[in-house]
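[1] I would like the atomic coordinates for the input below:
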Amino acid sequence: MQEYPKEIQKLIRKMQKGEITEYYVYLNIAKRVKDKENKKILEEIANQEKAHNSIWEKYTKEKIKPNKFKIFIYSIMSIFFGYTFTLKLMEKGENHANSTYLEISKYAPDALKIATEEDEHEQKLISLLNEESLNYVGSIVLGLNDALVELSGALAGLTLALADPKIISVSGLITGIAASLSMASSEYLSSKAEGKPNALKSAIYTGIAYIITVAILILPYLLLGDNKFLALGIMLISVVLIILFFNYYISVAKDLPFKKRFLQMTIISLSVAAISFGIGFFINIIFGI
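    All right, here's what the predicted structure looks like:
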């Protein structure tokens with residue numbers, strides 16, 4: 001490697017490692033993508049990353065091995081969370097590299113060219129929002145939000161109104177299953193009335209989101225035995241964590257604001273839970289349950 005300041009040498013090696021790592025990430029994901037257009041774009045970006053690696057190689061005069069752990073992690077994430085979310089999350093990391101490119105460009109002029117191409121291929125990623133799950137975000141939000149608001153409220157009220165955690169969990173489960181079927185059928189009829197071609201899939205996504213949320217919220221009552229107030233606390237924490245994760249996912253995958261949506265859903269869900277807890281309190285006093 002030419003005589004550059006040691007800090008610049010480290011940065012160039014770091015950038016080269018990043019490019020060859022991302023080349024394999026894009027290539028691995030492209031192999032699993034069925035949509036031909038998305039596959040083509042991913043392969044183009046992968047080849048661009050490989051070309052960037054070759055440019056850095058001229059400066060370092062060495063072949064640098066990719067970060068196999070990162071390749072593995074991003075590959076697994078793409079399977080569980082979809083390639084759109086995974087790639088946009090990876091690109092967010094690249095956004096922080098602009099100042100690094102500028103610093104390196106004082107010694108390696110090709111850095112600015114690479115930085116420009118990185119920005120261009122990031123724009124291409126926007127066109128990758130064709131995953132089926134992302135096309136049904138509205139349906140997922142409907143099921144998730146309704147389950148969080150209704151069931152967290154119902155469980156909070158039942159916690160104070162009833163003594164036995166098992167009865168609380170069974171009551172919550174029955175309520176949740178009935179509500180999920182109701183929400184799924186309502187989504188189907190609504191989508192059908194609007195002339196949407198995939199009304200059944202919309203209903204399925206709504207129902208699945210609802211059922212998963214129900215299972216997570218009821219689980220503390222099943223696991224903690226007689227300690228129903230601890231179960232209530234864990235359930236409310238679960239509500240916040242579900243809202244946090246889901247809104248972060250959507251904010252990355254769909255480029256939507258995170259903070260405002262997170263606060264809105266959290267305030268609504270916890271407020272309903274607090275009101276229901278108060279209702280349960282008065283029912284307990286009035287009926288002496």
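[2] after the one helix or strand Ser251 maps to comes which helix or strand?
    Element membership for Ser251, per DSSP states H and E: helix 228-253. Counting by DSSP H and E, the next helix or strand C-terminal to helix 228-253 is helix 259-287.
[3] That next one vs helix 228-253, what angle?
    160 degrees (axes from the mean of the first three to the mean of the last three C-alpha atoms, to 10 degrees).
[4] show me the residues around the residue lying closest to Phe277 once chain neighbours are set aside that make contact.
    Nearest in space to Phe277, with sequence neighbours left out and distances taken as C-beta to C-beta, 6 or more residues apart in numbering, is Ala156 at 4.2 Å. Every residue, glycine included, has its C-beta placed from N, CA and C. By C-beta atoms under 8 Å, 6 or more residues apart in numbering, Ala156 lies in contact with Leu232, Met235, Leu236, Ala273, Ala274, Ser276, Phe277, Gly280.
[5] Can you classify Ala156 by secondary structure?
    Under DSSP: H, G, I helix; E, B strand; the rest coil, Ala156 falls in the helix class.
[6] And the strands in the stretch 1-150 of the chain, which stretches?
    With DSSP state E, counting those that start in this stretch, there are no strands along the stretch 1-150 of the chain.
[7] How many neighbouring residues does Gln48 have?
    Here the number of neighbours of Gln48 (other C-beta atoms under 10 Å) works out to 20.
[8] So it sits against Thr116, correct?
    No - contact criterion C-beta atoms under 8 Å: Gln48 and Thr116 do not qualify, at 11.4 Å.
[9] Name the residues contacting each of these two.
    By C-beta under 8 Å, 6+ apart, no residue touches both Gln48 and Thr116.
[10] show me where pLDDT drops low in this structure?
    1-3, 93-98, 121-133, 225, 280, 284, 287-289 (pLDDT under 70).
[11] So it: which segments form each domain?
    6-130, 133-287 (automatic domain parsing).
[12] for the longest one, the distance to its chain's centre please.
    Looking back up the chat, that one is domain 133-287. In terms of C-alpha atoms, centre = their mean, to the nearest Å, the centre of domain 133-287 is found 17 Å from the chain centre.
[13] still on that earlier bit, from Thr206, how far off is the residue nearest to Phe277?
    23 Å (C-beta to C-beta, to the nearest Å).
[14] Do a quick rundown of the helices in the stretch 51-200 of the chain.
    Using DSSP state H, counting those that start in this stretch, the helices of the stretch 51-200 of the chain run over 68-81, 83-95, 98-105, 110-126, 132-135, 137-161, 165-193, 199-223.
[15] so of the ones you listed, which one's packed in deepest?
    Comparing the helices of the stretch 51-200 of the chain by mean neighbour count (mean count of other C-beta atoms under 10 Å), helix 137-161 ranks first with a mean of 23.
[16] tilt between that one and helix 228-253?
    170 degrees.
[17] picking up where we left off before, quick one: the residue nearest to Phe277 and Asp164, what's the gap?
    16 Å.
[18] Contacts for stretch 231-239 next, please.
    148, 152, 155-156, 159, 165, 168, 216-217, 219-221, 223-224, 266, 269-270, 273.
[19] Repeat the analysis, applying 7 Å as the threshold.
    Contacts to stretch 231-239, defined as C-beta atoms under 7 Å, 6 or more residues apart in numbering, come from residues 148, 152, 155-156, 159, 165, 216-217, 220-221, 224, 269-270, 273.
[20] Save these as CSV, and put in distance to Phe80 too.
    Converted to CSV, the contacts of stretch 231-239 look like this (distance: C-beta to C-beta, whole Å):
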residue, distance to Phe80
Leu148, 21
Ser152, 25
Leu155, 27
Ala156, 31
Thr159, 32
Pro165, 31
Ile216, 16
Leu217, 21
Pro220, 24
Tyr221, 27
Leu224, 28
Ser269, 25
Leu270, 28
Ala273, 29
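[21] Ser54: which of the residues you listed is nearest?
    Ile216 (47.3 Å; C-beta to C-beta).
[22] looking at the helices of the stretch 51-200 of the chain, which is closest to Gly18?
    Short answer: helix 83-95, nearest of those by C-beta to C-beta, at 8.0 Å.
[23] Extract the C-alpha trace of that closest one and format it as CSV.
    C-alpha atoms of helix 83-95 as CSV (Å, rounded to 0.1, in the frame of the first residue of the first chain):
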residue,chain,number,x,y,z
TYR,A,83,-34.9,-8.3,1.9
THR,A,84,-36.3,-4.7,1.6
PHE,A,85,-35.9,-4.1,5.4
THR,A,86,-32.6,-5.9,5.5
LEU,A,87,-31.0,-3.9,2.6
LYS,A,88,-32.4,-0.6,3.7
LEU,A,89,-31.0,-1.2,7.2
MET,A,90,-27.6,-2.0,5.7
GLU,A,91,-27.8,1.1,3.5
LYS,A,92,-28.5,3.2,6.6
GLY,A,93,-25.0,2.2,7.8
GLU,A,94,-23.6,3.4,4.5
ASN,A,95,-25.1,6.8,5.0
